[in-house]
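*Asks:* Please work out how this folds:
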Amino acid sequence: MQAVDHVHDPVTAAAFGLHTGQVCVMIHCGSRGLGHQVCTDHVRAMDRALHRYRISVPDRQLACTPVDSPAGRDYLGAMAAAANYGRANRQLLSEAARRAFADAAGAGLSLVYDISHNMAKIETHEIDGEPRRLCVHRKGATRALPPGDPELPPDLTAAGQPVLVPGTMGTVSYVMVGLPGNGAFHSACHGAGRVWSRHHALKVVRGERLRDDLEAHGIAVRPSSWRGLAEEAPEAYKDVEAVAVATEGAGLARPVARLVPLGVVKG
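*Replies:* Next up, the predicted model:
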């Protein structure tokens, strides 16, 4: 649960339904391990098939096959199932949040945007002056369509696609918007990104102390475990303010609104 503390672009913010002082809920949840398992299984299968297609990669995590091969089609099907599961999870969490706000505050929640990340999409992009149909993988990234893009829904055509950039439970988050001329296949980051592994965070952070520190700053925290809380310590992530500046500087997306955390549920 967050509050909009600064609006960088009032016109685009209004198109997204955002304004200063507004309370928002940002839900960052995927397929709860199913997507990871799909990737693990299919990387293994594709690694075994590399020689068949005379493909050489510098790291086995980059194992791949042609998208229209049996292994490629199997992967896309499994990935779509994981994405559907992730979307269903977010719908259930959204409904739970709506009921909580209705019961506790008599307030309603409207959706700004819902998008899946860490997945591949079949898209058309210009390559060497010609439109080509590509399979675009976005790991740690999300799509960031610019204003006027034909794939945008009518109510967002003039504004562009919302780009949700969650920070941490102790830092700000951003809502950004895609920029024209994006040379990264209309992509931008989908979060601050880790600088510590979960294992390292557990070595240097105690969940109980972190909870006390966050609550001292007015942020209510409800973890399912102290271990899970420590893994997600703010120090374990990059400076989201610097990430937002770099994202705009790279011509990928620009800030629309900044949000500060009020309450966090980690599970």
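*Asks:* For the residue lying farthest from the centre of the chain, which residues are in contact?
*Replies:* Taking CA atoms, centre = their mean as the measure, the residue most remote from the mean C-alpha position of the chain is residue 52, 34.5 Å away. Residues in contact with residue 52 (CB atoms under 8 Å, 6 or more residues apart in numbering) are residue 65. C-beta here means a position set from N, CA and C on the backbone, and glycine is covered the same way.
*Asks:* Please report how far it lies from residue 64.
*Replies:* According to CB to CB, to the nearest Å, residue 52 stands 12 Å off from residue 64.
*Asks:* coming back round to it: mind checking what secondary structure the residue farthest from the centre of the chain has?
*Replies:* Counting by DSSP: H, G, I helix; E, B strand; the rest coil, the backbone at residue 52 sits in helix.
*Asks:* And it, how far from residue 70?
*Replies:* Plainly put, residue 52 is 10 Å away from residue 70 if you go by CB to CB.
*Asks:* Skipping its backbone neighbours, what lies nearest the residue nearest the centre of the chain in space?
*Replies:* Compute the mean C-alpha point of the chain, and by CA atoms, centre = their mean the closest residue is residue 190, 3.6 Å away. Computed as CB to CB, 6 or more residues apart in numbering, the closest residue to residue 190 that is not its neighbour in sequence is residue 142, at 3.9 Å.
*Asks:* thought that neighbour was touching residue 184?
*Replies:* No. The criterion here is CB atoms under 8 Å, and residue 142 misses it with residue 184 at 11.1 Å.
*Asks:* Which one's more surrounded, those two?
*Replies:* residue 142 (25 against 14; other CB atoms under 10 Å).
*Asks:* In a strand, the more buried one, correct?
*Replies:* Yes. Under the criterion used here (three-state DSSP), residue 142 sits inside a strand.
*Asks:* Name the nearest residue to residue 161, ignoring sequence neighbours.
*Replies:* Of all residues beyond its chain neighbours, the one nearest residue 161 is residue 145 (3.9 Å), with distances taken as CB to CB, 6+ apart.
*Asks:* Show me what the helix or strand encompassing residue 213 is packed against.
*Replies:* Counting by DSSP states H and E, the secondary-structure element that holds residue 213 is helix 207-216. Contacts defined by 3 or more CB pairs under 8 Å, 6 or more residues apart in numbering; DSSP states H and E place helix 207-216 against strand 220-223, helix 226-231.
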